[in-house]
Each structure stands twice: as structure tokens, then as C-alpha cells.
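1. sequence first, predicted model second:
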Amino acid sequence: MNTFRTIVLILASISFIIVVGGAVYEHMGVVPVWASAPPASLAMFQGAYAITPFKFWIPIHPVTLGLLLLALILNWKTERRGFILMTVIGYLLVLAATFFWFVPELMTIIETAYSTNTDPELTQRAQSWEFWSQVRLASMLVMAFVLLYGLSKPGETLRRRYGYVNR
């Protein structure tokens, strides 16, 4: 059981770090382009050859959350519990913010009709979105460190290791 719970936590950590890696890539390579001068800079989201980041983001979140929750259940009676729990709670808060603000705001911005002109108000909204998304990414990086630190803790149950159960 100890090996299985560790493997699940490793898989959850890999999946979570893939999410963080995707966000880092988007913030370094994609967001600066589309946020630079909308609506002219939004062409990458429009037309027959538009990029489709949702094909990555929609499946990765449920897989990651499922692995994190399974890791939490399997590691509940270990020293890892608090680290996994902090990551799960933080990730749920990030997903809620993403669902209720980041995605709707992004969709509003990128669905703006193409124009060769730059709209100052839309540019300001895009830059605000980018700033808050960087804050979200920084919090995800902290969560990744917390999760990986938890992985360094023993996978033995507290009862087995210390002869008692931590309730």
C-alpha cells in the first residue's frame, strides 16, 4: 500500500506540474502576443487556423484534480496529508476563479471582432487579465512546491511509524 500511495502521489505531482508548465508556456509565448494590441492581436484565436488551448485545459484539470483527491485519500493517515490538502484546496480555489472570472473574461476579450485598430479599453482589460493570471500562476507554483515537499515526507501511516493514529 505504501508504494501504491507514493506512485499515485507522484502521478498527481506530475499532472499538477504539467498544468503549471502549460500556464508558464502560455504566459511566456501566447499571452504577451494576444494581450499586446487587441483586437488586432487576437487573430491567433480566429479563423480556420486558430489555436485551441481548451483542448489541453479542459481534460487536464479533471485528471489532475482526480489524481490529487485520490492521493489525498490514500495518504490521509500519513505526514503527507497536510501538504496534499493545502494543494487540493488551493487548486480548487484557482479552478473556481478560473471558471467564474478568468475564462469568461478571456472569452469576452478574444471573441471581439477582428480589427486592425487597437482598442485602448480592450488592451487595458487584456493587461489586467494577464496580471491577475500571473498572480494565479505564482500561487500555482507555490502549490507545486508544497506538493513536492509533501512527497518528501514518509508514506507510512502514522500508526505504523509512531504507534498511534493522528486524528
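-> On my side now, so go ahead.

2. now the helices for the chain?
-> 2-25, 31-34, 54-74, 81-97, 103-110, 120-151, 158-162 (DSSP state H).

3. got JSON lines for these, with distance to Ser41, mean pLDDT and mean neighbour count too?
-> The way it works is simple: take the backbone N, C-alpha and C, and place the C-beta from them, glycine included. As requested, these are exported to JSON lines (distance: least, C-beta to C-beta, whole Å; pLDDT from 0 to 100; neighbours: other C-beta atoms under 10 Å):
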{"stretch": "helix 2-25", "distance to Ser41": "18", "mean pLDDT": "97", "mean neighbour count": "17"}
{"stretch": "helix 31-34", "distance to Ser41": "5", "mean pLDDT": "95", "mean neighbour count": "16"}
{"stretch": "helix 54-74", "distance to Ser41": "19", "mean pLDDT": "97", "mean neighbour count": "16"}
{"stretch": "helix 81-97", "distance to Ser41": "24", "mean pLDDT": "98", "mean neighbour count": "17"}
{"stretch": "helix 103-110", "distance to Ser41": "10", "mean pLDDT": "96", "mean neighbour count": "15"}
{"stretch": "helix 120-151", "distance to Ser41": "8", "mean pLDDT": "97", "mean neighbour count": "16"}
{"stretch": "helix 158-162", "distance to Ser41": "54", "mean pLDDT": "62", "mean neighbour count": "13"}
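
4. reformat the ones you listed as a markdown table; add distance to Ala40.
-> Converted to a markdown table, those look like this (distance: least, C-beta to C-beta, whole Å):
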| stretch | distance to Ala40 |
| --- | --- |
| helix 2-25 | 23 |
| helix 31-34 | 10 |
| helix 54-74 | 23 |
| helix 81-97 | 28 |
| helix 103-110 | 13 |
| helix 120-151 | 10 |
| helix 158-162 | 59 |
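
5. quick one: which of those is nearest Ala43?
-> With C-beta to C-beta, the closest approach to Ala43 among these belongs to helix 31-34: 8.6 Å.

6. coming back round to it: any idea which of the helices of the chain gets closest to Gln46?
-> Gln46 lies closest, by C-beta to C-beta, to one member of the helices of the chain: helix 103-110, at 7.9 Å.

7. contacts for that closest one?
-> Helix 103-110 has contacts (C-beta atoms under 8 Å, 6 or more residues apart in numbering) with 34, 38, 42, 45-46, 122, 125-126, 129.

8. check stretch 88-99 too.
-> So stretch 88-99 is contacted by 16, 61, 64-65, 68-69, 72, 136, 139-140, 142-143, 146 (C-beta under 8 Å, 6+ apart).

9. so how far is it from its chain's centroid?
-> Distance of stretch 88-99 from the chain centroid (C-alpha atoms, centre = their mean, to the nearest Å) equals 8 Å.
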